[in-house]
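In: Everything below, folded, please.
(one chain, ligands or ions: 1)
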Amino acid sequence: MHPTYTLTISCPDRVGIVAKVSNFLAMYGGWITEANHHSDLEVQQFFMRHEIRADSLPFGLDAFRTAFSPIAKEYDMQWQISDSQTRKRVVLMCSKEAHCMVDLLHRWQSGELACDIPLVISNHQDLQDLVEWHGIPFVHVPVRKDNKAEAYAEIERLIDEAQADTVVLARYMQIIPPALCEKYAHQIINIHHSFLPSFAGAKPYHQAYERGVKLIGATCHYVTEELDAGPIIDQDIVRVNHRQTAADMVRLGRDVEKAVLARGLMWHLQDRVLVHGNKTVVFN
Ligand SMILES: Nc1nc2c(c(=O)[nH]1)N[C@@H](CN(C=O)c1ccc(C(=O)N[C@@H](CCC(=O)O)C(=O)O)cc1)CN2
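Out: Numbers count the residues shown, from 1 in each chain. Next comes the predicted model:
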């Protein structure tokens, strides 16, 4: 695979954006290997993601940023460019449930998840041996009603010390405080074990069982202050019926959770997820 730069853009929609960007790239010999764009006519916002062969351009990211900035300013763009050779640093967080952590660590070890995992943080020690078996440092930060401020100050220090650009809540069952949601906006990804907006909060499978639904699912979303209400990255479902107990639903849901979290994280790592307000455009 040739190393690529990924250019993502969000800006007010108007005529000529695709031409302007493509002409800029062509002017420098830029070889576009994947192109996606979308116009949201409701909010008149334009979204674009281009992958460009790194060796087709005569300069690196810093010079690209300097050269492209006048266009970005003219079109009032929110934009970023990233290098496929720079692996994102992902801190994983968990509690007691192992399935999502095991799945992510296996996909990482097999090379499917192209990222670095400098650290795992947990409010329990149940998964310590599993994580350390994969050669990843594990830090136990207990969270109780009487130590939340200290606990989250330590978690913030650990995330910053790890120079993480992404945090994944792999069934981490504590509420992230508002200040951290704001500081790491669109950088914290959670897997919620229901087909949101149904059954937000704790024990969604028991809520689903009590309601008698025929579909259960999982939702991968960015974390916001409001619980389970952040921009959705991916979702999936599985059919259930009157024969399934709540425990059966927990078991069936695990496979959906693993698949949805891995897919959502993969797209995030590939800069395929653009956030606008409380929604996403996913160029997958
Ligand atoms: N600020 C946010 N923090 C977290 C979110 C979020 O969307 N915004 N998602 C959760 C994960 N989650 C469901 O997906 C979830 C986690 C925890 C709870 C909950 O009620 N926890 C209880 C304590 C439970 C315990 O100690 O075992 C609580 O904190 O009082 C509901 C939903 C992760 N964090």
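In: Next, see if the longest helix along the chain gets close to the ligand.
Out: Taking DSSP state H as the criterion, the chain has its longest helix at helix 246-269. No. Judged by Cβ under 6 Å from any ligand atom, helix 246-269 and the ligand are separated, with a smallest distance of 9.7 Å. In this view, the C-beta of every residue, glycine as well, is placed from N, C-alpha and C.
In: Please apply the same query to stretch 138-149.
Out: No. Contact of stretch 138-149 with the ligand (Cβ under 6 Å from any ligand atom) is absent, the minimum separation being 7.3 Å.
In: Please renumber the chain so that the first residue is 5 from this point on.
Out: All right, first residue 5 from here; so that's stretch 142-153.
In: From one end of that stretch to the other, what's the distance?
Out: 21 Å (Cα to Cα, to the nearest Å).
In: What average pLDDT does that stretch get?
Out: Mean pLDDT, stretch 142-153: 98.
In: Determine how far it lies from the middle of the whole chain.
Out: Its chain's C-alpha centre and that of stretch 142-153 lie 24 Å apart, by Cα atoms, centre = their mean, to the nearest Å.
In: same thing with stretch 150-167?
Out: Worked out by Cα atoms, centre = their mean, stretch 150-167 lies 20 Å from the chain centre.
In: Need the contact partners of it.
Out: 93, 95, 97, 122-123, 125, 127, 143, 145-148, 171, 180-181, 183-184, 187-188 (Cβ atoms under 8 Å, 6 or more residues apart in numbering).
In: let's see it at 10 Å
Out: 93-95, 97, 120-123, 125, 127, 141, 143, 145-148, 168-171, 178-181, 183-184, 187-188, 191-192 (Cβ atoms under 10 Å, 6 or more residues apart in numbering).
In: Generate a ChimeraX selection restricted to the buried subset of the residues you listed.
Out: Command for ChimeraX that selects the buried part of the contacts of stretch 150-167, burial taken from 16 or more other Cβ atoms under 10 Å:
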select :93,94,95,97,120,121,122,123,125,127,143,145,147,168,169,170,171,178,180,181,184,188,191,192
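In: Give me the subset of the contacts of stretch 150-167 that lies in strands.
Out: Residues of the contacts of stretch 150-167 located in strands (DSSP state E): 93-95, 97, 120-123, 125, 143, 170-171, 192.
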